[in-house]
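> this one's sequence-less:
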């Protein structure tokens with residue numbers, strides 16, 4: 001078997017049929033769907049029981065049984081998977097078009113590739129297209145240009161495919177992380193000399209809505225600790241790619257400021273300016289935040 005689509009879900013009965021329907025719509029038939037139902041109480045278990053296709057394998061687990069958050073649930077799904085490749089799909093998104101065939105071609109044309117992704121087409125909560133990510137085909141590895149590394153650092157897990165044995169050898173997603181587990185994985189894949197390829201095509205319809213996403217739910221302190229852990233684990237990679245490092249830290253600062261932790265946000269801005277003294281975005285944010293919080297250093 002070539003493809004294992006790993007789909008974690010929890011209380012998303014109103015959207016789950018669309019996600020699973022997008023898998024059935026694939027023209028490529030050499031796949032299995034591994035659904036990990038993480039303690040749903042909204043009828044998800046009963047609906048999944050109506051699916052008669054033997055390519056669908058459903059695992060019901062109690063809330064918290066798979067570890068800490070979505071990283072543990074995805075890792076659990078990979079441990080059940082039997083395909084050569086694992087493709088992650090969130091329960092509120094949909095696979096785009098014939099993405100499995102496009103990925104199959106990319107693997108054929110790049111036999112050493114170990115991970116794949118593509119653009120997202122963003123929709124509203126009703127699934128109506130709002131905007132498109134533009135993407136050109138590119139290859140990412142340790143020796144790639146900085147723009148390739150920046151592109152890889154912007155991807156999200158939904159629509160990401162990883163060679164299963166490679167994923168397992170890297171111990172999968174870090175279950176100590178409640179955010180940025182996708183970026184942590186990508187930094188490690190590149191650092192271990194596993195090349196990736198971005199398709200010149202979308203991979204998912206990515207739904208933007210008011211409900212929680214898979215990585216939501218943890219408190220700010222846990223998210224801040226996760227951000228710090230990602231930096232410390234991958235400091236050598238990030239130091240070698242300062243533009244990626246700065247982009248990562250801007251995300252961290254945004255989360256810190258939204259949580260009202262202005263002291264940490266300012267410290268992160270100082271770190272950015274240490275790495276790139278002329279970074280205009282950091283200087284602008286620094287001045288703006290100082291105006292709103294004159295007591296900050």
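Happy to help now that I have it. Because the structure is a prediction, the values reported are computed rather than measured. Residues are numbered from 1 along each chain as shown.

> what's the neighbour count on the residue lying closest to residue 3 once chain neighbours are set aside?
Distance criterion CB to CB, 6 or more residues apart in numbering; nearest residue to residue 3, sequence neighbours excluded, is residue 31 at 4.0 Å. C-betas here are computed from N, CA, C, even on glycine. Neighbourhood size, residue 31 [other CB atoms under 10 Å]: 19.

> Could you give the backbone dihedrals for residue 31?
In terms of degrees, to the nearest 10, the main-chain angles of residue 31 are phi -150, psi 160.

> where in the stretch 51-200 of the chain is pLDDT low?
For the stretch 51-200 of the chain, residues meeting the criterion pLDDT under 70 lie at 64-68.

> Now do the strands in the stretch 151-297 of the chain.
Remark: strands assigned in the stretch 151-297 of the chain by DSSP state E, counting those that start in this stretch are 161-163, 196-207.

> Switch those over to CSV; also include mean neighbour count and distance to residue 188.
CSV is the format used below for the strands of the stretch 151-297 of the chain (neighbours: other CB atoms under 10 Å; distance: least, CB to CB, whole Å):
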stretch, mean neighbour count, distance to residue 188
strand 161-163, 25, 11
strand 196-207, 22, 12
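
> of these, which approaches residue 71 most closely?
Comparing these by their distance to residue 71 (CB to CB), the top pick is strand 161-163, with 13.6 Å.

> what's the closest non-adjacent residue to the residue nearest in space to the middle of the chain?
Centroid-nearest residue in the chain, with CA atoms, centre = their mean: residue 157, separated by 2.3 Å. Using CB to CB, 6+ apart and skipping the chain neighbours, the partner closest in space to residue 157 is residue 182 (4.4 Å).

> how much space is there between the residue nearest to residue 115 when sequence neighbours are not counted and residue 241?
Leaving aside its chain neighbours, residue 115 sits nearest to residue 196 (4.2 Å; criterion: CB to CB, 6+ apart). To residue 241, residue 196 is 14 Å away according to CB to CB, to the nearest Å.

> Report the contact partners of residue 167.
Taking CB atoms under 8 Å, 6 or more residues apart in numbering, we find residue 167 in contact with 78, 86.

> quick one on the thing from earlier: reformat the strands of the stretch 151-297 of the chain as TSV; add distance to residue 133.
As requested, the strands of the stretch 151-297 of the chain are exported to TSV (distance: least, CB to CB, whole Å):
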stretch	distance to residue 133
strand 161-163	17
strand 196-207	7
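
> Next SSE downstream of the helix or strand containing residue 79?
According to DSSP states H and E, residue 79 maps onto helix 70-80. Per DSSP H and E, the first helix or strand lying C-terminal to helix 70-80 is strand 85-88.

> which secondary structure elements does that following strand contact?
strand 3-9, helix 70-80, helix 99-109, strand 161-163, helix 164-169 (3 or more CB pairs under 8 Å, 6 or more residues apart in numbering; DSSP states H and E).

> at 7 Å what do you get?
Contact partners of strand 85-88 among helices and strands, from 3 or more CB pairs under 7 Å, 6 or more residues apart in numbering; DSSP states H and E: strand 3-9, strand 161-163, helix 164-169.

> Compare the ones you listed and report which one is nearest to residue 269.
So among those, strand 161-163 is nearest, using CB to CB, at 33.4 Å.

> which outside residues touch that closest one?
84, 85, 86, 87, 103, 114, 115, 116 (CB atoms under 7 Å, 6 or more residues apart in numbering).

> quick check, nearest of those residues to residue 248?
For those, the nearest to residue 248 is residue 115 (18.5 Å; CB to CB).

> Thanks again, I'm all set now.
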